[in-house]
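>>> mind looking at a prediction? Sequence and model below.
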Amino acid sequence: MLKEFKNFIMTGNVIDFAVAVIMAGALGLVINGFVADIVMPIVGEFAGGVDFANLKYVLTAASGTEGEAGYVAENAVRWGAWVNTIVNLLIVGFVMFLIVKAYNKTKTPPAPPAPSGPSQEELLADIRDLLKK
């Protein structure tokens, strides 16, 4: 059983998949940093200097002092963080589109199928010869 597991792990597909997962995680961190540190400040500037991450609709305000007995945390709908997530999704989707598009350009197109039977010129020549007779 251990030998079968070793053979399974050492196949190319599993190793390729592991590399893809690790690279996707790293790419996700890069894109999240790009969105949070570069894109959203620019979007916030165009929206009047708003930081979207802090935008929320407070349902119940916090009461008391944090860390003391009887403290009740704020209950809020954090819609600004959701906007950040949507922008992040759009950028991740666009980057993945560009990566797949670049990958597809590197693939060689399949060879055209070999013609089966006589060519069009040969058929026309045969028809011409038959018409002459």
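Here it is on my side, so go on. Numbering: from 1, shown residues only.

>>> after the host helix or strand of A24 comes which helix or strand?
Using DSSP states H and E, A24 maps to helix 12-34. Using DSSP H and E, the helix or strand that follows helix 12-34 towards the C-terminus is helix 40-46.

>>> so for that next one, mean pLDDT?
Helix 40-46 shows a mean pLDDT of 82.

>>> still on that earlier bit, show me what counts as buried in the helix holding A24.
Going by neighbour count (16 or more other Cβ atoms under 10 Å), the buried part of helix 12-34 is I31. Where C-beta positions appear, they are placed from N, C-alpha and C, glycine not excepted.

>>> got a list of contacts for it?
F8, I9, N88, I91, V92, V95 (Cβ atoms under 8 Å, 6 or more residues apart in numbering).

>>> let's see which of those residues end up in helices.
F8, I9, N88, I91, V92, V95 (DSSP state H).
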